[in-house]
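> sequence first, predicted coordinates after that:
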Amino acid sequence: MMKPVLVTGAAGLLGRFVVGELLAHGYPVRGLDRREGAAAIDWRVADVTDPGAVAAAVAGTGAVLHIAAVPNIWSGDGQTIMRVNTLGTYTLLEAAEAAGHRKFVFCSSDSVAGYTVREGRMLPPLYAPLDLDHPLRATDPYAVSKVLGEDLARAYAHRGMAVVALRTVFVAYPEMAGEIAARARDPDAYRGPAVGGPSAAGGGPLHHHIDPRDLARAFRLALELPQEAGAFAPFYLSAGVTLSPEPTLDRLRRLHGAAVAVRRPEIYARQPFAPLYDLAPAADRLGFVAEHDQRHLVAPLPHP
């Protein structure tokens, strides 16, 4: 009998999509969250920083998809973000290793590169497309917590676990449609949440996004990715286009002048709204290419 997959944060905005994706593909699922969600799965209600509760939730499962986190710098102060995100990741890794797990999927963020939130004292990228060799230059507590989370995961990979880190951009949940449209109407003046969304429209200066259906599929593909013991595989994930009112290179030049070197201009010649991030590793190794985007929410509006 297949052991269940433990999904942390299973009742959350992203967790519900990941749980649905796994169930649709025949996986038994156990959910760990601070409340039960709607899915008919085995629920464990606890905090990810509670070692005893986490160990009990991990027991009897075959792999961990770790999604639970304080999701951005507006959802908690620095102390809370660092405690929940960093200690929670450590607690899950410890429990997974003790249970003999050989696969761990970590929900990281493109914020590790340091170019997502103006309020976080972000730094412009050194070049585009930004690839896996680009230095990680996190400056705000959330981004730093994801760098530390990857460092923790890499440490456990050194000890024999196989780990995938999914560096996802802003997730454009259905509940965010109104915020995305509101920002597109007046990008410079937008201060969200403005129309009742769960948070402000995100995605950094280039308005990156990914559809939750695609991201859920990426988690399943990461679970299924063949890896040798000790492997650590990070991937940047995004829709194939941004939600920016301007083409990517035009916006980078307007914001940063010539500071951002363009290494592969053919990508942006082929698709002017292509994301900053190099998506080739995800396509080549993970077999992931986004099937959805929310460009229709901004396309009818005039572009500068």
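Yep, it's here.

> return the distance of stretch 8-18 from the chain's centre.
12 Å (Cα atoms, centre = their mean, to the nearest Å).

> measure it end to end?
10 Å (Cα to Cα, to the nearest Å).

> got it, and stretch 222-241?
By Cα to Cα, one end of stretch 222-241 lies 22 Å from the other end.

> would you mark the buried spots in stretch 150-161?
Residues 150, 152-154, 156-157, 161 are the ones in stretch 150-161 that count as buried (16 or more other Cβ atoms under 10 Å). From N, CA and C alone the C-beta is placed, and that goes for glycine too.

> after the helix or strand of the chain with the lowest mean pLDDT, next one along is what?
Across the helices and strands of the chain, mean confidence by mean pLDDT, DSSP states H and E is lowest for helix 177-185: a mean of 93. Using DSSP states H and E, the next helix or strand after helix 177-185 towards the C-terminus is helix 212-224.

> just the buried positions in that next one, please.
Neighbour counts using 16+ other Cβ under 10 Å place 212, 214-223 of helix 212-224 among the buried residues.

> need those in TSV (columns: distance to Gln271).
Output for these, formatted as TSV (distance: Cβ to Cβ, whole Å):
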residue	distance to Gln271
Pro212	22
Asp214	17
Leu215	20
Ala216	24
Arg217	21
Ala218	20
Phe219	25
Arg220	26
Leu221	22
Ala222	25
Leu223	29
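
> any weak-confidence spans in this protein?
Within the chain, the stretches with pLDDT under 70 are 301-304.

> top helix in it by residue count?
Longest helix in the chain by number of residues (criterion: DSSP state H): helix 141-158.

> show me what it is packed against.
Helix 141-158 is packed against helix 78-81, helix 88-98, strand 103-109, strand 162-168, strand 232-237, with contacts defined by 3 or more Cβ pairs under 8 Å, 6 or more residues apart in numbering; DSSP states H and E.

> can you do 6 Å?
helix 78-81, helix 88-98, strand 103-109, strand 162-168 (3 or more Cβ pairs under 6 Å, 6 or more residues apart in numbering; DSSP states H and E).

> any chance of these in TSV with distance to Val18 and mean neighbour count as columns?
Putting the helices and strands packed on helix 141-158 into TSV (distance: least, Cβ to Cβ, whole Å; neighbours: other Cβ atoms under 10 Å) gives the following:
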stretch	distance to Val18	mean neighbour count
helix 78-81	21	14
helix 88-98	15	22
strand 103-109	9	26
strand 162-168	11	25
